[in-house]
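Student: quick one, fold the following:
(one chain, ligands or ions: 1)
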Amino acid sequence: MQQKKLWLLACSVTLLAIACSSSKKNNPGGTIPSLKGVYKKDFTIGTALNSTQIEEKDPQAALLIPQQFNTATPENIMKAEIIHPQWDVYNFDMADKMVAYCAKNNMLVNAHTLIWHSQLPPFVRQIQSVDSFRTFFTNHIKTVAGRYDGKVYSWDVVNEALNEDGTLRKSVFSQKLGDDFVTEAFRLAQAAAPNTHLYYNDYNNEQPAKRAGCIALIKKIQAAGVRIDGVGIQGHWHLGKLPLKEIEESIEQYAALGIKVMITELDIEVLPRNFQGADVNQRMKADPTMDPYKNGLPDSIQQKLADDYRSLFKLFLKHKDKIARVTFWGVNDGQSWLNGWPVPGRTNYPLLFDRNFKPKPAFDAVIAIGKKQ
Ligand code: G3I
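Tutor: Numbering: from 1, shown residues only. This is a model prediction of the structure:
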């Protein structure tokens, strides 16, 4: 009898050890809570993924990503220059890997992006005739959106088509196809991807003038009888300068159009910058004053970042009935695009995880406000 008791005790200890080690495997921090878990009843939580992460070449990222996020956006690999490098050449390799990675890890894919004036393959700008350009436009949307219908959850169909004053940006698309190209892109996407949510995505579209242009654009698509399911506010904001009032008004006004609102590329810039937004053509000169935290982020700034993230998520929670997803633009600070733009080679700290994947005070703040509701 005594022997049987001892044997049962040994079995329980072994089972407990196995359970602990497997939970550690899915939780590199051991005890850190997950963003996706805390916000599971509110909205999905996403990150942007690069090739290294999709191919699971970084073991720490491979552990952290599925533990924290339930949706992902490809940071670059579904953009035209990569997925459609030549007129009749498509390169689906990495995009297929992304879809498989997300399926394996129970993550939804927000595909990014079908029509954008930036990161286009060189051949596009060499197309002379309007007819050929229209053929490229149609083929691109049909082929790429068609291939991933049913495999991705949503597409950023058109990205950054607006100027800051709300007018349509002069781009290769508007110049070749006229102002209706946005509606046409959604019409083609709707036909090619009937099972995929279709979004318009931009930065600074919480600002009144650009927001008005964005609302007009969405109404135009709707008036044409074409489907648009949501709008992405990218959310490239600045420390201590969150436009909370404008964000709230925008969430309300976009939702009133009968569509979902997403925060699609969230990060908070802590370094000096003399303009707002994410126009990749804008640059600034490097000088030492522009890179003040090379050796680490002072506690006071760390705390301000936590305060800003807390205010943002408080607002998102207030409008959780209108918000479908909040996506961070990257997993950790070391991998953020903001280390290289608008000044190359800076040391930036815009996200919730530090360069060693350690949760920052900003992470704790986001978790705490999510748990408190
Ligand atoms: O792939 C090449 C590599 O072969 C080359 O050696 C290297 C040298 O610089 O460049 C690599 O390409 C870089 C690419 O990212 C992939 O890493 C480009 O230079 C670089 O410009 C590009 O930056 C991306 C940027 O979009 C380009 O427009 C950022 O990673 C990406 O985060 C950023 O994402 C955009 C969203 O799509 C739309 N909203 C704004 C957001 C931030 O700019």
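
Student: gap between residue 291 and residue 270?
Tutor: Using C-beta to C-beta, to the nearest Å, one obtains 11 Å as the distance from residue 291 to residue 270. Backbone N, C-alpha and C define where each C-beta goes, glycine included.

Student: oh, that last question was meant for residue 244, not what I typed.
Tutor: 18 Å.

Student: ok, the two, which is more surrounded?
Tutor: A direct count of neighbours by other C-beta atoms under 10 Å for residue 244 and residue 270 places residue 270 higher, at 23 against 14.

Student: please tell me I have it right and that one contacts residue 350.
Tutor: Yes - counting by C-beta atoms under 8 Å, residue 270 touches residue 350, with 6.5 Å between them.

Student: quickly note the distance from the residue in the chain that the ligand sits nearest to to residue 125.
Tutor: Relative to the ligand, the nearest point of the chain is residue 337 (3.4 Å; C-beta to the nearest ligand atom). Using C-beta to C-beta, residue 337 is found at 23 Å from residue 125.

Student: also residue 234?
Tutor: 24 Å.

Student: give me the more crowded residue out of the two.
Tutor: Neighbours were counted for residue 234 and for residue 125 using other C-beta under 10 Å; residue 234 has more, 24 against 9.

Student: was I right about the more buried one contacting residue 202?
Tutor: Yes - Residue 234 lies in contact with residue 202 (C-beta under 8 Å); the separation is 6.5 Å.

Student: wasn't residue 355 part of a strand?
Tutor: No - counting by DSSP: H, G, I helix; E, B strand; the rest coil, residue 355 is not part of a strand but coil.

Student: write out the residues of the chain neighbouring the ligand.
Tutor: 75-76, 118-119, 159, 234, 265, 278, 280, 337 (C-beta under 6 Å from any ligand atom).

Student: if you set the cut-off to 5 Å instead, what comes out?
Tutor: Proximity of the chain to the ligand, by C-beta under 5 Å from any ligand atom, involves residues 75-76, 118, 278, 280, 337.

Student: please enumerate the strands of this protein.
Tutor: Using DSSP state E, the strands of the chain run over residues 44-49, 71-74, 108-115, 154-159, 197-202, 230-233, 236-238, 260-269, 323-328.

Student: how about these in a markdown table, adding mean pLDDT and mean neighbour count?
Tutor: What follows is the strands of the chain, written out as a markdown table (pLDDT from 0 to 100; neighbours: other C-beta atoms under 10 Å):
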| stretch | mean pLDDT | mean neighbour count |
| --- | --- | --- |
| strand 44-49 | 98 | 26 |
| strand 71-74 | 98 | 26 |
| strand 108-115 | 98 | 25 |
| strand 154-159 | 98 | 27 |
| strand 197-202 | 98 | 25 |
| strand 230-233 | 99 | 26 |
| strand 236-238 | 97 | 22 |
| strand 260-269 | 98 | 25 |
| strand 323-328 | 99 | 24 |
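
Student: a markdown table for those, including distance to residue 85?
Tutor: Converted to a markdown table, the strands of the chain look like this (distance: least, C-beta to C-beta, whole Å):
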| stretch | distance to residue 85 |
| --- | --- |
| strand 44-49 | 20 |
| strand 71-74 | 16 |
| strand 108-115 | 15 |
| strand 154-159 | 19 |
| strand 197-202 | 23 |
| strand 230-233 | 25 |
| strand 236-238 | 27 |
| strand 260-269 | 24 |
| strand 323-328 | 26 |
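
Student: just checking, residue 155 touches residue 189?
Tutor: Yes - counting by C-beta under 8 Å, residue 155 does reach residue 189; the two are 6.2 Å apart.

Student: what residues are shared contacts of the two?
Tutor: With contacts taken as C-beta atoms under 8 Å, 6 or more residues apart in numbering, the residues that reach both residue 155 and residue 189 are 114, 145, 196, 198.

Student: report the two of the residues of the chain next to the ligand separated the most.
Tutor: The largest distance within the residues of the chain next to the ligand, taken as C-beta to C-beta, falls between 76 and 278 and amounts to 14.1 Å.

Student: please say which of these two ends up with more neighbours.
Tutor: residue 278 (20 against 16).

Student: OK, contacts around that one?
Tutor: By C-beta under 8 Å, 6+ apart, the neighbours of residue 278 are 203-204, 234, 236, 265.

Student: before we move on, what about residue 220?
Tutor: Per C-beta under 8 Å, 6+ apart, neighbours of residue 220: 182-183.

Student: hmm, try it at 7 Å
Tutor: If you count contacts by C-beta atoms under 7 Å, 6 or more residues apart in numbering, residue 220 has them with residue 183.

Student: what do you get for residue 76?
Tutor: Going by C-beta under 7 Å, 6+ apart, residue 76 touches 50, 82.

Student: I'd like the numbering to begin with 375 instead of 1 from here.
Tutor: With 375 as the first residue, the last one maps to residue 450.

Student: of all the strands of the chain, which lies closest to residue 658?
Tutor: Short answer: strand 634-643, nearest of these by C-beta to C-beta, at 11.8 Å.

Student: partner strands of the closest one, parallel or antiparallel?
Tutor: strand 604-607 (parallel), strand 610-612 (parallel), strand 697-702 (parallel) (DSSP bridges).
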